[in-house]
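K.L.:
Following is a predicted model, sequence given first.
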Amino acid sequence: TLKEKKVTLSLIVAFIFTSLCGTVLFFALREHLTISLSSSVPFQAIIKSISKALGNLYAPVICMALVTTGASCLYGFISYMEQSFKKTPLYIICFIATILFLCFGFKTTVRVIYPLSGIFGVILILRILFYKIKF
């Protein structure tokens, strides 16, 4: 149907756009490798090396992005899982996981855990794409 074709096309366009953005970010980090490896928040350090004012503005922006990404991922996870489990145990598990992530500290969360969530996101997008494509 037309609706399914639109959904599939939007998923493909979103995947291509996300992949292109990821590639640009990879090359930006590679171009400023010493700065990005020496910082907890590589892009903030790169931006600050170019413009101190923009670097200072980027710090609260990245914090807000982390919060909104975490909130939306948590909402999506609970919405998906509540079909199989009760909400209360899910909230408890998410609360414990949040406390564990806080124990890692900001640097480890940004450098290790946050990119892993991106990998899981790509896996989910691929799963959706392959679900829609009939072989």
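P.N.:
On my side now, so go ahead.

K.L.:
Leaving aside the residues adjacent along the chain, what's closest to S40?
P.N.:
K107 (4.1 Å; CB to CB, 6 or more residues apart in numbering). Yep, even glycine has a C-beta here, placed from its N, CA and C like the rest.

K.L.:
Need the pLDDT of the one you found.
P.N.:
Note for K107: predicted pLDDT of 70.

K.L.:
so it touches P42, yeah?
P.N.:
No: K107 lies out of contact with P42 (CB atoms under 8 Å); the separation is 10.8 Å.

K.L.:
Looking at the two, which has the bigger crowd around it?
P.N.:
P42 (19 against 11; other CB atoms under 10 Å).

K.L.:
what sits against the more buried one?
P.N.:
Residues near P42 by CB atoms under 8 Å, 6 or more residues apart in numbering: 29, 32, 35-36.

K.L.:
Identify the farthest-apart pair in those.
P.N.:
By the measure CB to CB, L29 and I35 form the most distant pair in these, at 9.0 Å.

K.L.:
For the two, list the residues in contact with both.
P.N.:
With CB under 8 Å, 6+ apart as the test, L29 and I35 both reach 42, 46.

K.L.:
Report the secondary structure element holding the spatially most central residue of the chain.
P.N.:
By CA atoms, centre = their mean, the chain has its centre lying nearest to G118, at 4.4 Å. Using DSSP states H and E, G118 sits in helix 114-132.

K.L.:
helices or strands up against that helix?
P.N.:
Where contact means 3 or more CB pairs under 8 Å, 6 or more residues apart in numbering; DSSP states H and E, helix 114-132 is packed against helix 2-31, helix 52-81.
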